[in-house]
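A.B. asks: No sequence on hand, only this structure:
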């Protein structure tokens, strides 16, 4: 058994959460708890199709709830962070902090 | 012109650098400056093919140098972080810190 060379912190990152757009969705729903589809699109500068794909990945993983409804006559889609999503985001943030600490304690020699 | 709703910090992240495995490669080469292919494979728990694909993306973007040589009779591949790679990693770390600060100042209300 060796403890000298444990796997690198990035091996503990979850691609479902770490992927750039999905990390954005989780961060924004964490901030606002319940956000409208159009708001996410604007904030993340995405096409509707691209945003939908990432929401499906997160919904399938149980990290967000997607709920369709109406605001007046207009159809609206609302996205909410689940408690599993909140936990997954917290884990990602914790691992990113480890990674940052590791990078910053090994500065370049230039 | 509105300054109320600027695009979210994740829109500034670069997928070439942010992607989990590539972030790992950049971090490790930042730590060690010059690393052997097999070491990266072990640290990142990847197949050779998967690691090669990600190295190609980074090499094409000018963020790492890949150099083939020998150690005794055995062929070896060495990977070095370029100064552009070092800069790109620093930018990623800076943006991640912004993101983390944003998440942590908006705690959940539970």
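C.D. replies: Received, thanks. As the structure is a computational prediction, the values presented were derived from the model and not from experiment.
A.B. asks: Any regions of chain A where pLDDT drops low?
C.D. replies: A:1-6, A:107-110 (pLDDT under 70).
A.B. asks: What residues does it have near chain B?
C.D. replies: Residues of chain A lying close to chain B (Cβ under 8 Å from any Cβ of the partner chain) are A:5, A:7-11, A:13, A:15, A:18-21, A:23-24, A:27-28, A:30-31, A:33, A:42-45, A:83, A:86, A:89, A:93, A:96-97, A:99-100, A:102-104, A:106, A:108-110. C-beta coordinates here come from the backbone N, C-alpha and C atoms, glycine included.
A.B. asks: Next step: those restricted to helices.
C.D. replies: A:15, A:18, A:20-21, A:23-24, A:27-28, A:30-31, A:42-44, A:83, A:86, A:89, A:93, A:96-97, A:99-100, A:102-104 (DSSP state H).
A.B. asks: Which among the residues you listed count as buried?
C.D. replies: A:18, A:20-21, A:23-24, A:27-28, A:30-31, A:43-44, A:86, A:89, A:93, A:96, A:99-100, A:102-103 (16 or more other Cβ atoms under 10 Å in any protein chain shown).
A.B. asks: center of chain A, which residue is that?
C.D. replies: Chain A has residue A:23 as the residue nearest its centroid, 2.5 Å off, counting by Cα atoms, centre = their mean.
A.B. asks: Can you tell me the closest non-neighbouring residue to that residue?
C.D. replies: residue B:10 (5.7 Å; Cβ to Cβ, 6 or more residues apart in numbering or on different chains).
A.B. asks: The one you found and residue A:40 touch, don't they?
C.D. replies: No. Checked against Cβ atoms under 8 Å, the pair residue B:10 and residue A:40 is beyond contact range at 11.2 Å.
A.B. asks: Name the nearest residue to residue A:75, sequence neighbours excluded.
C.D. replies: With Cβ to Cβ, 6+ apart, the residue lying closest to residue A:75 is residue A:68, at 6.7 Å.
A.B. asks: Beta-bridge partners for the one you found, please?
C.D. replies: residue A:77 (DSSP bridges).
A.B. asks: Thank you kindly, that will do.
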